[in-house]
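> Fold the following and give me the result.
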Amino acid sequence: MALCASLFAFSTAPAYADEADFEGIWLFDDAPSYPGVTMMEVTEKKGEMEGTVTSEWYGPMEMQDIAVEGDRMSFTMRNLNDKEHPTRIWHAERTPQGVHLTGTVWHTEHEEDGYRGTKAQAEKRRFKLTTLPQAKPLPFDGRSMTPPMGWSSWNKFAEDIDDATVRAMADALVETGLRDAGYIYVNIDDGWQGERAADGSIQPNDKFPDMKALADYVHARGLKLGLYSSQGPKTCAGYEGSYGHVEQDAETFAEWGIDYLKYDLCSGEWFYDTRDTVLRSYYEMGKAIRETGRPMLYSICEYGRFDVGNWGRQVGGHLWRTTGDIVDEWPVMEDIGFNRNPKKPEYSGPGGWNDPDMLEIGNGGMSHEEYQTHMTLWAMSAAPLILGHDLRETSDDALALLTNREVIAIDQDARGEQGVPLRKDSQQEVWTKPLSDGSTAVALFNRGTAAARMAVRPEDIEAETIQGARNLWTHSDLTGKDLSFTVPAHGSVMLRVW
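Take a look at the predicted model:
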């Protein structure tokens, strides 16, 4: 769920006839909420035209290559995060009432009608840019020595989340035994935010009448409460972001008793468009969290754009997304787990984890074999295990996958090493993960569409012979030297071998 763009440097183009018809301030009152265009300013200097389109999501977006012909002005704007369309052409046409503006940001087309405004009106709508602090590496706080485990609202509920549902999810974690299996975080994703009070403090919306009381309810059940925000002016779903209120929001979260913050780079990408600015924006909140004095896990969600694993720990992060959002279907899960998340395993380990996104087990979009592979792959990857389904509707099959203590132990192993593919043969892969007791977790994955015969070899664990093995999904000890298996299509076998 990520919306994107970037800050444009001023550029100019030769002026055409009738450019005076477009000069000045244009105001938009009824523009679509995304990207929330509020104003266009066009000026002419030394025979050249320049200008900006101001957006509630992205601030002042620079108009480039401005050309006017009759009643029509055309210009381009950069369009980041859309590699197929790095720039987009916009048009403004004069109308009897004012101007009609059309254009595309990211993949979304927009059109709105505007009217002439005054300098005083423009000042009220002008986007107030803030200055990011210079980043200094934050010392390690000793938290998240194993990957975090819990539940998050977005995959199942998206914005349709409220206090009662969160309480029900907390109760379900306890009643199903998921809490006792290690799932302790109850994370409210996007959709909880209301407006800001007169003093600037963020308020929950009507769906969450008392966030402190909700935190107390969750804590009373031996669980921890997480929240979501963005360093931009808007969150991905268009709610209030932390832009301009970072320290204040961190203090508010601490006062409420929040234990986990997911910070999502949605909106603001016109001025958070480089590694430096993105890093500093995460440092700003990481530092603010530390200064509250309240322990919080800090989840960095910038989708792996700027080699985040290389600097995530420096800004106080405990986990960082490596990819875009997961979807409850095999091709997406397969691509994230097998192709994208394994690229930089060296970044992951005690205190900071590569995060391939939430688990989809229980949402119904994949087969049992595919969900078993999903769980096996995340555990082998030392990934955060964050559930994403309605816990009240957890089937027996899903519960068995999610509470398998032997599989969870691989994910939570104290050595904290991310497993990697050791060998690949067509659609079959053998992964290994060294463990703290000297044994090795070995997973056999069949990405093909037909069953395949696969085997574990002594060299897979850097040994002359295999002394013993245990099948972690069947909870059975294996005897003999032949560790060969028929692995179903999209299926997996998970072993502890020594």
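> Helices along the protein, start to end?
Using DSSP state H, the helices of the chain run over 119-125, 154-157, 163-175, 211-219, 246-256, 275-292, 330-334, 368-380, 396-402, 405-411.
> Those helices: which one's closest to residue 497?
Among the helices of the chain, the nearest to residue 497 by C-beta to C-beta is helix 405-411 (11.7 Å). For the C-beta atoms, the positions are set from N, CA and C on the backbone; glycine is no exception.
> what helices or strands is the closest one leaning on?
If you count contacts as 3 or more C-beta pairs under 8 Å, 6 or more residues apart in numbering; DSSP states H and E, helix 405-411 packs onto helix 368-380, strand 492-497.
> what sits against the residue minimising distance to the centre of the chain?
Nearest residue to the geometric centre of the chain (C-alpha atoms, centre = their mean): residue 301, 3.7 Å. Listed by C-beta atoms under 8 Å, 6 or more residues apart in numbering, the contact set of residue 301 reads 2, 262-265, 320-321.
> any idea how far it is from residue 321?
5 Å (C-beta to C-beta, to the nearest Å).
> go on, residue 380?
Counting by C-beta to C-beta, the gap from residue 380 to residue 321 is 18 Å.
> Quick check: which ranges of the chain have low pLDDT?
For the chain, the stretches with pLDDT under 70 are 1-19.
> Neighbours of residue 275, how many?
13 (other C-beta atoms under 10 Å).
> Could you do residue 423 as well?
Neighbourhood size, residue 423 [other C-beta under 10 Å]: 12.
> Same question for the one 10 residues further on.
For residue 433, the count of nearby residues is 25 (other C-beta under 10 Å).
> when you give positions from now on, start the count at 457
All right, first residue 457 from here; so that's residue 889.
> contacting residues for the nearest residue to it once chain neighbours are set aside?
Leaving aside its sequence neighbours, residue 889 sits nearest to residue 875 (C-beta to C-beta, 6 or more residues apart in numbering; 3.2 Å). By C-beta under 8 Å, 6+ apart, the residues touching residue 875 are 801, 836-838, 887-889, 897, 899.
> Name the nearest of those relative to residue 636.
Of all the contacts of residue 875, residue 636 sits closest to residue 838, with 21.2 Å by C-beta to C-beta.
> what about the nearest residue in space to the closest one that is not next to it in sequence, distance to residue 612?
Among residues not flanking residue 838 along the chain, residue 874 sits closest, at 4.7 Å (C-beta to C-beta, 6+ apart). For residue 874, the distance to residue 612 (C-beta to C-beta) stands at 27 Å.
> For stretch 523-535, measure first residue to last.
With C-alpha to C-alpha, to the nearest Å as the measure, stretch 523-535 spans 19 Å from end to end.
> hang on, residue 923 packs against residue 954?
Yes. Counting by C-beta atoms under 8 Å, a contact exists between residue 923 and residue 954, whose distance comes to 5.3 Å.
> who's more crowded, those two?
More crowded of residue 923 and residue 954, by other C-beta under 10 Å: residue 954, with 14 against 10.
> Leaving out sequence neighbours, find the closest residue to that one.
Residue 954 sits nearest to residue 895 (C-beta to C-beta, 6+ apart), 4.1 Å away.
> what about that neighbour, distance to residue 797?
Distance, residue 895 to residue 797, by C-beta to C-beta: 23 Å.
> who's more crowded, those two?
Using other C-beta under 10 Å as the criterion, residue 895 and residue 797 rank with residue 797 on top: 24 against 19.
> OK, contacts around the more buried one?
Taking C-beta under 8 Å, 6+ apart as the contact definition, residue 797 lies against 778-779, 810, 812, 837, 839.
> can we see that at 6 Å?
Applying C-beta atoms under 6 Å, 6 or more residues apart in numbering to residue 797 gives the contacts 778, 810, 812.
> Dump those into TSV; add neighbour count and distance to residue 482 as well.
Shown next, in TSV, are these (neighbours: other C-beta atoms under 10 Å; distance: C-beta to C-beta, whole Å):
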residue	neighbour count	distance to residue 482
778	24	42
810	29	46
812	22	44
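> can you point me to the longest strand in this structure?
Looking across the chain with DSSP state E, the single longest strand is strand 515-525.
> who does that strand touch, helix- and strand-wise?
For strand 515-525, the packing partners by 3 or more C-beta pairs under 6 Å, 6 or more residues apart in numbering; DSSP states H and E come out as strand 504-511, strand 528-534.
> Name every strand pairing with the last one and say which way it goes.
The sheet places strand 528-534 alongside strand 515-525 (antiparallel), strand 543-551 (antiparallel), with pairing taken from DSSP bridges.
> Can you give the contact residues for that strand?
Contacts for strand 528-534 (C-beta under 6 Å, 6+ apart): 462, 464, 478, 517, 519-523, 543-549.
> Pick the one among these closest to residue 579.
Residue 579 lies nearest to residue 517 out of these, by C-beta to C-beta, at 18.3 Å.
> How about that closest one, nearest residue that isn't a chain neighbour?
Nearest one to residue 517, counting by C-beta to C-beta, 6+ apart, is residue 509 at 4.8 Å.
> Now for the one you found, how many residues are close by?
Residues contacting residue 509 under the criterion other C-beta under 10 Å number 27.
> okay but it is in contact with residue 516, surely?
No. With contacts counted by C-beta atoms under 6 Å, residue 509 stays clear of residue 516, the gap being 7.5 Å.
> Look up how far residue 484 lies from residue 510.
Applying C-beta to C-beta to residue 510 and residue 484 gives a distance of 9 Å.
> ok, now how distant is residue 945 from residue 490?
40 Å.
> Looking at those two, which is more packed in?
residue 490 (18 against 15).
> Phi, psi for that one please.
Residue 490 has phi and psi values of phi -120, psi 130 when expressed as degrees, to the nearest 10.
> Domain-wise, how is the chain divided?
Using automatic domain parsing, the domains assigned to the chain come out as 469-581, 605-867, 876-953.
> From the opening residue of the second one to its closing one, how far?
When you say that, I think you mean domain 605-867. Start-to-end, domain 605-867 (C-alpha to C-alpha) is 10 Å.
> What residues sit buried inside stretch 820-833?
Residues 822, 825-833 are the ones in stretch 820-833 that count as buried (16 or more other C-beta atoms under 10 Å).
> quick one on the thing from earlier: between the contacts of residue 757, which is nearest residue 729?
Looking across the contacts of residue 757 and measuring by C-beta to C-beta, the closest to residue 729 is residue 721, at 10.4 Å.
> Right, I'll call it a day here.
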